[in-house]
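[1] I'd like to go over a predicted model; first the sequence, then the structure.
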Amino acid sequence: MPELPEVEALALFLRERTVGRVVTRVDVADVSALKTFSPQPAELVGRQVCDISRHGKWIDLATTAAVDSASLHLVVHLARAGWLRWHDHVPETPVRLGRSPLALRVRFDDGSGFSLTEAGTRRRLAVHVVTDPRQVPAIASLGVEPLSAAFAVELLGELLAAHRQQVKGLLRNQGTIAGIGNAYSDEILHAARLSPFTPTTSLDPARTAELYRAIIGVLRDAVEAAAGRPADELKDAKRRNLRVHGRTGLPCPGWDGTPCGDTVHEVAFADSSLQYCPACQTGGHPLADRRRSRLLR
């Protein structure tokens, strides 16, 4: 799933190419992706893109019209298997409803545009057309942006104390901290040398400060690595830069960049998994893999 760094890079990529352009066509190929019915996507046609921004993992394309100063927003969440594909020249092939990866296509007045696609059969990509992005409940309920001035170590301490849960769950909770998902929560906890199952209420001020520095450091590095890359390179760039997530069985590069001598381990769940290093994060003790434990009973 694209997380804060990739969505930030996509927003920058789109901002550089679309601000000032006029929408000339919007085609919906998967009705299930469209979560609003009024305003309709066709009402974006003829409007000029005035800004592209990010809210957590959401991309917000804002438009204005010469005859109407009110903004109209195309707001998109790519979910786990969705992606944005840029076209310097939008394909002329007509968009048809049906079982294909294509969900929505937008064309601009210079012939460029983008397609929203989703792989697999579990359709979770979400498209909203709204007059205010806060009309999307998931955006209205977002927590603090971790790279904003509002996110201070004191606030993190308050959030940890207020939520009795495992620290990985808190990092992934969009209503607490916006934009962090499964991959970067693994990376942050590795950098902070914390077990993903550490109770939030057990962290003292020193460990809270370490976690804060890890959140800021991991996300800033990832944003810098993603910035300026074409949309079609962002997925591979993300995979290359991850230290533990998705690297089960490979040597751990170490929380500080010095190999620790251990390998990356995994805990698997019904529809997801997490990765960590025992030497760096759990005192050398592997965590129980719950799915495998059930199979061995």
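    Perfect, thanks for sending it. Residues are numbered from 1 along each chain as shown.
[2] CA atoms for contacts and neighbours, from now on please.
    Will do.
[3] shaky segments in this structure?
    By pLDDT under 70, the weakly predicted segments of the chain are 290-297.
[4] what about the helices in it?
    For the chain, the helices defined by DSSP state H cover 4-18, 137-140, 153-162, 167-172, 182-192, 205-226, 234-241, 278-281, 290-295.
[5] I'd like the ones you listed as JSON lines, with mean neighbour count appended.
    Shown next, in JSON lines, are these (neighbours: other CA atoms under 10 Å):
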{"stretch": "helix 4-18", "mean neighbour count": "21"}
{"stretch": "helix 137-140", "mean neighbour count": "14"}
{"stretch": "helix 153-162", "mean neighbour count": "16"}
{"stretch": "helix 167-172", "mean neighbour count": "22"}
{"stretch": "helix 182-192", "mean neighbour count": "25"}
{"stretch": "helix 205-226", "mean neighbour count": "17"}
{"stretch": "helix 234-241", "mean neighbour count": "14"}
{"stretch": "helix 278-281", "mean neighbour count": "22"}
{"stretch": "helix 290-295", "mean neighbour count": "10"}
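[6] I'd like those helices as TSV, with distance to G56 appended.
    As requested, the helices of the chain are arranged in TSV below (distance: least, CA to CA, whole Å):
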stretch	distance to G56
helix 4-18	6
helix 137-140	8
helix 153-162	17
helix 167-172	11
helix 182-192	13
helix 205-226	12
helix 234-241	17
helix 278-281	27
helix 290-295	30
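[7] Minimum distance to T198: which of those has it?
    Nearest to T198 among the helices of the chain is helix 167-172 (5.6 Å), distances taken as CA to CA.
[8] any idea how far the residue nearest to S32 when sequence neighbours are not counted is from V31?
    Closest residue to S32 apart from its sequence neighbours, by CA to CA, 6 or more residues apart in numbering: R123 at 7.5 Å. Note on R123: its distance to V31, by CA to CA, to the nearest Å, is 11 Å.
[9] more crowded one of those two?
    Neighbour count, other CA atoms under 10 Å: between R123 and V31, R123 has more, with 17 against 12.
[10] does that one really touch A33, like I thought?
    Yes. Assessed by CA atoms under 8 Å, R123 is found in contact with A33 at 7.3 Å.
[11] do you know how far N173 is from P133?
    20 Å.
[12] should've said A79
    Applying CA to CA, the value for A79 to P133 is 17 Å.
[13] These two - which one has more neighbours?
    P133 (22 against 17).
[14] can you pull the contacts of that one?
    Shown in contact with P133 (CA atoms under 8 Å, 6 or more residues apart in numbering): D60, H73, V75, I139, A140.
[15] Give me the number of neighbouring residues for S148.
    Look at S148: counted by other CA under 10 Å, it has 9 neighbours.
[16] May I have the phi/psi pair for it?
    The phi and psi values for S148, taken as degrees, to the nearest 10, are phi -90, psi 160.
[17] contacting residues around it?
    Going by CA under 8 Å, 6+ apart, S148 touches no other residue.
[18] how near is the closest residue to T176 other than its chain neighbours to H55?
    Residue nearest to T176 in three dimensions, not counting chain neighbours: G143, with 4.2 Å by CA to CA, 6+ apart. Taking CA to CA as the measure, G143 falls 10 Å from H55.
[19] For those two, list the residues in contact with both.
    Shared contacts of G143 and H55 (CA under 8 Å, 6+ apart): A178.
[20] Compare neighbour counts for these two and give me the winner.
    Regarding G143 and H55, a neighbour count based on other CA under 10 Å identifies H55 as having more, with 23 against 16.
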